[in-house]
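Colleague: my questions are about this predicted structure, shown below with the sequence.
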Amino acid sequence: QNPQNRIVTLDIPGKPWDTPQLAAELERWKLDGRDVSLLIGGPEGLSPACKAAAEQSWSLSALTLPHPLVRVLVAESLYRATS
């Protein structure tokens, strides 16, 4: 873990962002100048250490989703927020 990275977990209790809100977050992150690490949990979810290290938590859905699907949803969400 690099303390200079902004760590954002993807977790059900996180904050739900719509596309304009995600675009605003991305702009803030860009101005912050640090790399961003998005942490997606596996089948057992995220470890307590990962959750504790996070500065922010993002919720894609109130549903439990398979982590391979979450990767696709994150990629699409980032694409939409930047275009």
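Modeller: Looks like it arrived, so ask away. Treat the numbers as computed from the prediction; the structure is a model and nothing was measured.
Colleague: so which bits of the top strand by length along the chain are buried?
Modeller: Secondary structure of the chain read by DSSP state E shows that its longest strand is strand 6-15. Going by neighbour count (16 or more other C-beta atoms under 10 Å), the buried part of strand 6-15 is 6-11, 14. For the C-beta atoms, the positions are set from N, CA and C on the backbone; glycine is no exception.
Colleague: out of these, flag the one nearest to Lys30.
Modeller: Nearest to Lys30, judged by C-beta to C-beta, of the buried residues of strand 6-15 is Arg6 at 10.7 Å.
Colleague: and the gap between Gly33 and Gly45?
Modeller: 30 Å (C-beta to C-beta, to the nearest Å).
Colleague: ignore the last one, Leu78
Modeller: Separation of Leu78 from Gly45 (C-beta to C-beta) stands at 22 Å.
Colleague: next: Glu55.
Modeller: Glu55 sits 19 Å away from Gly45 when distances are taken as C-beta to C-beta.
Colleague: before we move on, what about Ala75?
Modeller: Ala75 sits 21 Å away from Gly45, going by C-beta to C-beta.
Colleague: so where's the longest helix in this protein?
Modeller: helix 67-82 (DSSP state H).
Colleague: other SSEs contacting that one?
Modeller: helix 19-32, strand 36-40 (3 or more C-beta pairs under 8 Å, 6 or more residues apart in numbering; DSSP states H and E).
Colleague: try it again at 10 Å.
Modeller: Applying 3 or more C-beta pairs under 10 Å, 6 or more residues apart in numbering; DSSP states H and E, we find helix 67-82 packed against strand 6-15, helix 19-32, strand 36-40.
Colleague: show residues contacting the first one.
Modeller: Applying C-beta atoms under 10 Å, 6 or more residues apart in numbering, the set of residues contacting strand 6-15 from outside is 1, 21, 25, 28-29, 32-41, 45-46, 50-65, 67, 70-71, 73-74.
Colleague: try it again at 8 Å.
Modeller: Outside of strand 6-15, the residues within contact range by C-beta atoms under 8 Å, 6 or more residues apart in numbering are 1, 29, 32, 34-41, 45-46, 50-51, 53-64, 70, 74.
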